[in-house]
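Chemist: Okay, sequence plus prediction incoming.
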Amino acid sequence: MRSVRNHNDPRRLAALGRCVVLALLVSSAFGYSTTTTIAHSQGRDLPLLNSQQRQKSLSINLNALPNRSPTALSSSASTTASLESTIDLSQSLEKSKTTSTVKKDYQWTKQNMAIALPALMGLLADPVLSMVDTGFVGRVGPMDLAALGVCTSIFNMAFTVFRASTVATSSLVASAKTQADKRQIAKISLQLGGIMGTAVLLALRFGGPAALATMGVSSTSPMYKPACSYLFARSWAAPAVVGIVVAEGAFRGNDDSKTPLIASSVAALINLVLDPILMFPIGMGMAGAAVATAFSQLAAGGVYAWRTWKRKLLPQPKDKTTVRTKSVIKSILGANIAMLTKQGSMLVFYTAATALATRMGSAHIATHQIALSLFWLVTYWLDSGSVSAQLLMSKAMDDRDKAKSLTKYMLKYALLQGLAFSAMVAGVGNFVPGVFTTDRTIQGLLFQCLPHLAFQQTLVSLALILEGLAIGGNQFRYMAAGTTVATAAGIFQMMKATSVVDIWSTAVNVFFGGRVLNGLIGLARVHMGLRRNQETTANKNNSEQEQSTQQALA
């Protein structure tokens, strides 16, 4: 007698439910893939199924099953839920793949200009002030101009080294998650800036003569008296200058590049007006140029203080922050130490060049001062692109494709910018010597230096943009180490120089050539890190997908 099959067996009903669901899944997936392919071929995207649509497509008409039991219903519902989670992940991966194949327009030019142009004025503040002083002091005589060259190098060594605080503060503020955290970081950075500025003031006041002696200006030198008058008169603005450097980083981190523009414009205007008045009608000479510069820097500091209060960039009474002071100080000091090492090694190079030119004679140091002032003016202009590269890269670190797109754009920008400025310097070269001095010897040396100065603008542009991208990728320590090596190579070449022309024709080229190579390696390290992160994320997603599929089919 044939056995009668029991259609009400819960195990058979559960197995039947799984088979139906699996068939629906395969059919749905095939249909979705086909439809998506057709839609993409027509240039349009197909929206992903939402949760209600998936539930509807995966739901089983359990009422159609004969004599269903609670056990079968429970098993079928569990299977449906597991397979639904699998489709969630599959469609997410499909969406990610589809998005990645579409070329995005990041509008890099618009973003770059929005950061670079206002930052340019902030960066130009100090070199513009030095250029104004150089222009007026050069009319007094070659000895005063030579003394100004020595003092300018000392102030650049004292102040520019703290520009690392701008980079560190802007990165930390930009990466903070809440506005309260941003304000807390800004407060801590400004406090550190005040301490560092006071230290610079004391060092200049009490160590000024020793610094001049190190630069080759002894107490018996005819340059010693005008140099001391300039050094001591300008040193009182040291706390304001370092505070400006830190505040600039806080404003950049808050996506405000207009305040540096306003502050530097005020400083340049005041210095331009006060310089000739204090130097000539009042008769203060070199000291008058220093006082004018100091007043202009104090005025810029006042602008930053006013804008900080108006924009409420410091902690407010209702703020609730998770920022730990010790952690912020450690991060700031860590980044600062690395960047100070980088900036310090660069300043060692410039200081060594100035000291060597000083020992060559007054005509050589005067020529070096004019060439260096022009070089810094153009370099700070080029450095505005580096600021933009750093901030944009720091925001693109979570997207490898975006970082690759930014890198391609910024390298093209660096090359075109460098070639443009090389052509510009070469074009105006014949007019520069007569603007700054009437001395025939100095003019002759300048004519020999300017072709090399023109060529270097392309090297400088590439070096600064590459360094900005690498620093934006958090390669602080590597960039510090690499710049130190480039400095050592440049100084080694400099020791062979017998005139100021040799310094600019060989040593400077070696120095910036080394920085370009260092920037390329640093940028490669950034992209290798991004690739590792992308591979790790992909492996994690694949593992999750496999686990979900196994759970669904179990």
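Modeler: Received it, and whenever you're ready, just let me know what you need.

Chemist: where in this protein is pLDDT low?
Modeler: 1-103, 121-127, 160-161, 332, 335-336, 339, 554 (pLDDT under 70).

Chemist: which residues of the stretch 201-350 of the chain fall in helices?
Modeler: Secondary structure of the stretch 201-350 of the chain (DSSP state H, counting those that start in this stretch): helices at 224-234, 238-253, 258-279, 286-310, 325-360.

Chemist: now the third one against helix 238-253, angle please.
Modeler: With axes from the mean of the first three to the mean of the last three Cα atoms, to 10 degrees defining the directions, helix 258-279 sits at 150 degrees from helix 238-253.

Chemist: now swap in the longest one and tell me
Modeler: Angular relation of helix 325-360 and helix 238-253 on a 0 to 180 degree scale: 120 degrees, by the same axes, to 10 degrees.

Chemist: quick one: helix 325-360 to chain centroid distance?
Modeler: Offset of helix 325-360 from its chain centre (Cα atoms, centre = their mean, to the nearest Å): 17 Å.

Chemist: What is that helix packed up against?
Modeler: helix 142-159, helix 164-175, helix 179-214, helix 362-395, helix 476-494 (3 or more Cβ pairs under 8 Å, 6 or more residues apart in numbering; DSSP states H and E). Quick note: C-beta positions are derived from backbone N, CA and C, even for glycine.

Chemist: same deal with the first one?
Modeler: Under the contact criterion of 3+ Cβ pairs under 8 Å, 6+ apart, helix 224-234 touches helix 142-159, helix 179-214, helix 286-310.

Chemist: As TSV, the helices and strands packed on helix 325-360 with distance to Ile244 and mean neighbour count would be great.
Modeler: Formatted as TSV, those follow (distance: least, Cβ to Cβ, whole Å; neighbours: other Cβ atoms under 10 Å):
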stretch	distance to Ile244	mean neighbour count
helix 142-159	9	25
helix 164-175	9	24
helix 179-214	9	18
helix 362-395	14	24
helix 476-494	22	20
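
Chemist: mind putting those in JSON lines, distance to Gly302 included?
Modeler: Below are the helices and strands packed on helix 325-360 laid out as JSON lines (distance: least, Cβ to Cβ, whole Å):
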{"stretch": "helix 142-159", "distance to Gly302": "18"}
{"stretch": "helix 164-175", "distance to Gly302": "19"}
{"stretch": "helix 179-214", "distance to Gly302": "14"}
{"stretch": "helix 362-395", "distance to Gly302": "22"}
{"stretch": "helix 476-494", "distance to Gly302": "32"}
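
Chemist: Could you double-check that Val378 sits in contact with Gln456?
Modeler: No. Checked against Cβ atoms under 8 Å, the pair Val378 and Gln456 is beyond contact range at 9.1 Å.

Chemist: what's the overlap in contacts for these two?
Modeler: The contact sets of Val378 and Gln456 do not overlap (Cβ atoms under 8 Å, 6 or more residues apart in numbering).

Chemist: okay, now Ala423: neighbour count?
Modeler: 13 (other Cβ atoms under 10 Å).

Chemist: any idea which helix or strand carries it?
Modeler: helix 400-428 (DSSP states H and E).

Chemist: May I see the buried residues of that helix?
Modeler: 400, 402-403, 405-407, 409-411, 413-414, 417-418, 421-422, 425 (16 or more other Cβ atoms under 10 Å).

Chemist: Show me the contact partners of the helix or strand just after it.
Modeler: Downstream of helix 400-428, the first helix or strand assigned by DSSP H and E is helix 432-436. The contact list for helix 432-436 (Cβ under 8 Å, 6+ apart) reads 134-135, 138, 370, 374, 442-443, 446-447, 450.

Chemist: So for helix 432-436, what gets flagged as buried?
Modeler: 432-433, 436.

Chemist: Now flag whichever of those is closest to Leu201.
Modeler: Nearest to Leu201 among the buried residues of helix 432-436: Phe436, at 29.9 Å, using Cβ to Cβ.

Chemist: That closest one and Gly141: what is the separation?
Modeler: 13 Å (Cβ to Cβ, to the nearest Å).

Chemist: With Leu172 instead?
Modeler: Taking Cβ to Cβ, one finds Leu172 at 47 Å from Gly141.

Chemist: Over to Thr152?
Modeler: Separation of Thr152 from Gly141 (Cβ to Cβ): 16 Å.

Chemist: same check, this time on Ser221
Modeler: Taking Cβ to Cβ, one finds Ser221 at 15 Å from Gly141.

Chemist: one step back: of all the helices and strands packed on helix 325-360, which one is nearest Gly522?
Modeler: Using Cβ to Cβ, those put helix 476-494 closest to Gly522, at 5.4 Å.

Chemist: hmm, back to that, what's the closest of the buried residues of helix 432-436 to Lys310?
Modeler: Proximity of those to Lys310 (Cβ to Cβ) peaks at Phe436, which lies at 39.5 Å.

Chemist: what's near enough to touch the closest residue to Ala403 other than its chain neighbours?
Modeler: Ranked by Cβ to Cβ, 6 or more residues apart in numbering and with sequence neighbours excluded, the top spatial neighbour of Ala403 is Ala396, at 4.4 Å. Ala396 makes contact with 402-403, 406, according to Cβ under 8 Å, 6+ apart.

Chemist: what's the closest of these to Gly522?
Modeler: The closest of the contacts of Ala396, once distances to Gly522 are taken by Cβ to Cβ, is Ala403, at 13.5 Å.

Chemist: contacting residues around the closest one?
Modeler: Contacts of Ala403 (Cβ under 8 Å, 6+ apart): 393, 396-397, 473, 526-527, 530.

Chemist: where's it relative to Ala355, distance?
Modeler: Counting by Cβ to Cβ - Ala403 and Ala355 are separated by 41 Å.

Chemist: Could you do Trp306 as well?
Modeler: 40 Å.

Chemist: Just give me the neighbour total for Val510.
Modeler: 18.

Chemist: hang on, it packs against Ile491?
Modeler: No. At 9.2 Å, Val510 does not count as touching Ile491 under the criterion of Cβ under 8 Å.

Chemist: which helices and strands does the helix or strand that contains Leu462 pack with?
Modeler: If you go by DSSP H and E, Leu462 is part of helix 440-472. Counting contacts by 3+ Cβ pairs under 8 Å, 6+ apart, helix 440-472 packs against helix 362-395, helix 400-428, helix 432-436, helix 476-494, helix 500-502, helix 508-553.
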